[in-house]
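[1] My questions concern the predicted model and sequence given below.
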Amino acid sequence: MSLLNVENLATYFDTRQGTVRAVDGVSLSLEKGETLGIVGESGSGKSVTCYSLLRLIPEPPGRIVSGTAIFDGADLLQMKKRDLNQIRARKISMIFQDPMTSLNPYIRIGDQLIEPLLIHKICNKAQARERALEMMNAVGISDPIKRYSLYPHEFSGGMRQRIMIAMALITKPELLIADEPTTALDVTVQAQILELIRKMQKELGMAVILITHDLGVISGFCDRVSVMYSGTVVEAGTADDIFYRAQHAYTRGLKKSIPSTQEKGSKLYTIPGSPPQPIGPKPVCAFAPRSDLNFTEEEARMKAQFLEVQPGHWVEVHPASVENYKEYLK
C-alpha cells in the first residue's frame, strides 16, 4: 500500500474577483522511501497542494472542496485537528520556501529546534538539546554549541535553510515535504542542501516530495515527477518518462526552456503567453491558448482526458496538448 495517496484534491480561494481554483483535481501517490518531484510555473498550484495536505490553508479565504489524502491508512483531510497535530512534524515534516519568515526572530535557534520534540513528548529537554546539537552538526552547522543560543538574524541564508532542514528532520518523519528548499541559494550551497536531504533520506528511509522550478534538480534527484499547470497535473511518470518521453506540450515547453540545452548565443526559448487566470468557467484545456500545435476550433472544444499512455505514464490528452492525440482517444 502507498504511504500517501491523494485523489481529486481541490482547494479554492474566495476573493472579491471570484473563486480562484488554486488546486483543481490533483491526484498523486508516493511509496515509502520514494522521491516525488512536483514541477511547474509559479502559480500552478504546487505549494497549495502540499499546504492542503497538512491543512495549512487559511480558512477563510481558502477551503478544501473535495478530495482525499490517505496517509498511512488515514485521511488527512477528514481527521480532527487534534489527530492531525499528532502527524504534523512527527510523521510529516515540511521545509518552507523562506527560512527567514518561517523562523521566529524573537526565539533562539536552539529553542525552535527542540520544540517539535517537546510538543510530541518524544524526549525530555536535556535529551532534546543533545539531539538538536547532533542534528545541527549533521546538517553542517559548525560549532553547534555556540550557535545553539543564537537568533535567526545571526545566521546566513544558507545556514538558516540548514536549520529549517534540521528542524524538519529532528523527529525522524516518514515523509518530508521540501517546498523549493534551494530557492535564493548559490549553486554550491544548493548542491550541499540537496545532498544533505538525500543523505538523511537514506538514513531514515523516509519519502520526499520535492517542489521546485529547477528541472535539473528534478532529473537528478527524483524517482517520479508530476508536472502541474493551472492547478492540475497534466503529466506524471518516472523521471525518464518526463525527460525522454514527454507527451504534453507544456512539459516539452518546460524542457525547451532549460538554458543549458540551447545553442550558445541563441535567444532563450520561452513558452508563449501566460498561464490563464484560475477564475471563472474551467476551460476544456487550460494550455490551449499557449499551445504551438495545430488544431481546429472543433478540436479545441474537445474535452481533455487524463490517460495512461504507457504503464505508469499519465498524460492529459487533448488536441492542443498532445501532438498525436488520436492514437490515445479511441
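    Noted; the coordinates are in hand. Residues are numbered from 1 along each chain as shown.
[2] helix/strand/coil for Gly265?
    Local secondary structure at Gly265 is given as coil here, using DSSP: H, G, I helix; E, B strand; the rest coil.
[3] so Ile109 makes contact with Ile145?
    No. Ile109 is beyond contact range of Ile145, at 11.8 Å (criterion: Cβ atoms under 8 Å). All C-beta spots, glycine's among them, are computed from the backbone N, C-alpha and C.
[4] so how many other residues sit close to Ala246?
    When neighbours are defined as other Cβ atoms under 10 Å, Ala246 has 20 of them.
[5] That one sits in which helix or strand?
    Secondary structure from DSSP states H and E places Ala246 outside every helix and strand.
[6] Could you look up the SS state of the residue nearest to it when sequence neighbours are not counted?
    Here the nearest residue to Ala246 in space, its sequence neighbours aside, is Arg252; by Cβ to Cβ, 6 or more residues apart in numbering that works out to 5.2 Å. Using three-state DSSP, the three-state assignment for Arg252 comes out as helix.
[7] Name the residues linked to the closest residue to Asp241 other than its chain neighbours by a beta bridge.
    Distances taken as Cβ to Cβ, 6+ apart place His313 nearest to Asp241, at 4.4 Å, with adjacent residues excluded. On the basis of DSSP bridges, His313 takes part in beta bridges with Gln310.
[8] Which pLDDT value goes with His313?
    Each residue has a pLDDT score; the one for His313 is 93.
[9] and the longest helix for this protein?
    In terms of residue count, the longest helix belonging to the chain (DSSP state H) is helix 187-204.
[10] which of the residues in that helix are buried?
    Neighbour-count burial for helix 187-204, with 16 or more other Cβ atoms under 10 Å as criterion, is recorded at 189-190, 192-194, 196-197, 200-201.
[11] Now do that helix, average pLDDT.
    Helix 187-204 shows a mean pLDDT of 80.
[12] quick check: angle from the helix or strand just after it to helix 187-204?
    The element immediately downstream of helix 187-204 (helix or strand, assigned by DSSP H and E) is strand 207-212. For strand 207-212 against helix 187-204, the angle by axes from the mean of the first three to the mean of the last three Cα atoms, to 10 degrees is 160 degrees.
[13] Now do strand 207-212: distance to the chain's middle.
    If you compare the mean C-alpha spot of strand 207-212 with that of the full chain, they lie 5 Å apart, counting by Cα atoms, centre = their mean, to the nearest Å.
[14] before we move on, what about stretch 212-229?
    Per Cα atoms, centre = their mean, the centroid offset for stretch 212-229 relative to its chain is 9 Å.
[15] List the buried residues in that stretch.
    Taking 16+ other Cβ under 10 Å as the neighbour-count basis, stretch 212-229 is seen to contain the buried residues 212-215, 217-219, 221-229.
[16] rewinding a little: residues in contact with the longest helix of the chain?
    Contacts with helix 187-204, where a contact means Cβ atoms under 8 Å, 6 or more residues apart in numbering, come from 33, 35, 138-140, 158, 161-162, 165, 169, 172-173, 176, 178, 181-182, 185, 206, 208, 210, 217, 221.
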